[in-house]
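Asker: here is my input, please return the structure:
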Amino acid sequence: MQITLKGGFSFTTMLAVLAASILLAGVFYYRTYGNLRPAQWKLLLGLRVVAITLVVLLLFRPVFSYQFSYQEKPAVVVLIDTSASMGVADDESGVPRLTLARQQVERWLPRLEQNFVVHLMQFSDRALPISSPVFLPQLAPTGQATSLSAALVSGAQQVPRRELEAILLISDGIHNAARNPAEVAGKLGVLVHTVGVGASLRSNRSFRDVQVVGIDCPEQMPIHNKAKITGSVEGIGLGGRPIQVLLEEDGKQVLQRELILDDIEGSQKVEFEFTPAAKGRHTYTVRVAPLADEKIAENNQRTAVAMVTEPGLRVLYIEGTTRREYGAISSWFLAKDPDIEFCSMYQTRQNTFVVRSNIPELKLTGIPADEETIRKFDVFLIGDLDSSFLRPEVQELLLRRVREGAGLLMIGGYHALGPGGYAGTPLGEALPVRLGS
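Answerer: Below you'll find the model as predicted:
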């Protein structure tokens, strides 16, 4: 505790003023001492001393300062991988990876808890807190996927940022979900320590093994659109051996690819392109059948979970003639965006169109003229098409859909906008510009 005076005055100055004031009061009362009884004189002098003391304190304004220092332990989040790959026993002792990781955490905990508040979490495709270290022996490698990115984000959200000292990530490093973990870690603003689990057996010449070390699968895929899943396969001691790599959806084989294993350290990529046909949550597995002479069969597959959904947008693109814009927009933009379903068409002769579409249930041979079909689209692109090919009632249907929230884009051309006779038409009146003739 510390006492100071406002204005920078010293206590000596304050005490001197107080003493002088009390002395003057005593002198004044001494002159009238003969007219007062002793009890009266002492009472009045005491009251005057109290009043003078209060006035002096108000003038000098003493401040009482009290400093209390309390340092709370910073927090450390420990993330433990519980995906299926952590059940592999590739250590010389034959102990599974998850058991090795758990034992190491149990050895570290006493020292960590001396200086940090430790938060334990398990993760696979998502992260979950572990309420107490006593539950560590109950961890099981049952996760269907490994999302290091989701684990890092969840770990950083466990405690306020100002309290979080670091994140300790323990995993075999087989990330098979969306987002790059290194990029996510860089954006968190938190120190991340990684501890790898798993042995490298490539140096053992007698060892034979093939393993699926990763699966790159998007978290979301549009139905009836091409999707790509990539598996990473590595062979040890099996150079030149042909193997069959399978892609399965919910346990059913979708595709099969042949791969010739090499002798180079590192994985080989196997790409699968397919078209999802059913909406909902699906489990995708890249699998290699166990070979007769390999030691570990548990690492022959990797699994990821994805949602198959309706595409985000449906686009209707109409061109009145063949031109470069049509090929660029259809082939380089609409067809390559997995979140778009589209129907594009161009006119070869009057009212005869070539139609291209990736919407299976849509059967169009020309410009749609009924409300039910028009309402299926979210965006309308109208290119070099004369207004005479869009009857007023069709334009009204298009305009009604636009007013409900659909998008409209008209592309310039010799028969578009003003030159195409759209001035005064329903679509022309809806545009934010005044069209000429």
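
Asker: quick one: least confident helix or strand in the protein?
Answerer: Ranked by mean pLDDT, DSSP states H and E, the helix or strand of the chain with the weakest confidence is strand 2-5, at a mean of 74.

Asker: residues in contact with stretch 416-423?
Answerer: Identification of contacts with stretch 416-423 by Cβ atoms under 8 Å, 6 or more residues apart in numbering yields 320, 382-388, 410, 413, 428, 431, 435-437. The way it works is simple: take the backbone N, C-alpha and C, and place the C-beta from them, glycine included.

Asker: rerun at 7 Å
Answerer: When contacts are defined by Cβ atoms under 7 Å, 6 or more residues apart in numbering, stretch 416-423 is touched by residues 383-388, 410, 428, 435-437.

Asker: any idea how far apart the tips of it sit?
Answerer: 10 Å (Cα to Cα, to the nearest Å).

Asker: give the buried residues for it.
Answerer: With burial defined by 16 or more other Cβ atoms under 10 Å, the residues of stretch 416-423 counted as buried are 416-417, 419-423.

Asker: with stretch 281-291 instead?
Answerer: 282, 284-288, 291.

Asker: need phi/psi at residue 40.
Answerer: Per-residue torsions, residue 40: phi -70, psi -40 (degrees, to the nearest 10).

Asker: tell me the confidence at it?
Answerer: The model reports residue 40 with a pLDDT of 72.

Asker: next: residue 202.
Answerer: Per-residue pLDDT puts residue 202 at 57.

Asker: kindly report the same for residue 186.
Answerer: 89.

Asker: quick revisit: ok, the buried residues of stretch 281-291 vs residue 195, which is closest?
Answerer: Among the buried residues of stretch 281-291, residue 286 lies closest to residue 195 (Cβ to Cβ), at 25.9 Å.

Asker: how about that closest one: what's its closest non-neighbour residue?
Answerer: In this structure, residue 286 finds its nearest non-sequential neighbour in residue 231, 3.3 Å apart by Cβ to Cβ, 6 or more residues apart in numbering.

Asker: so which of the buried residues of stretch 281-291 belong to strands?
Answerer: 282, 284-288 (DSSP state E).

Asker: nearest to residue 138 among those residues?
Answerer: Nearest to residue 138 among these, with distances taken as Cβ to Cβ, is residue 285, at 26.0 Å.

Asker: against residue 111, how distant is the nearest residue to residue 194 once chain neighbours are set aside?
Answerer: Of all residues not flanking residue 194 in the chain, residue 169 sits nearest, at 4.9 Å (Cβ to Cβ, 6+ apart). Using Cβ to Cβ, to the nearest Å, residue 169 is found at 18 Å from residue 111.
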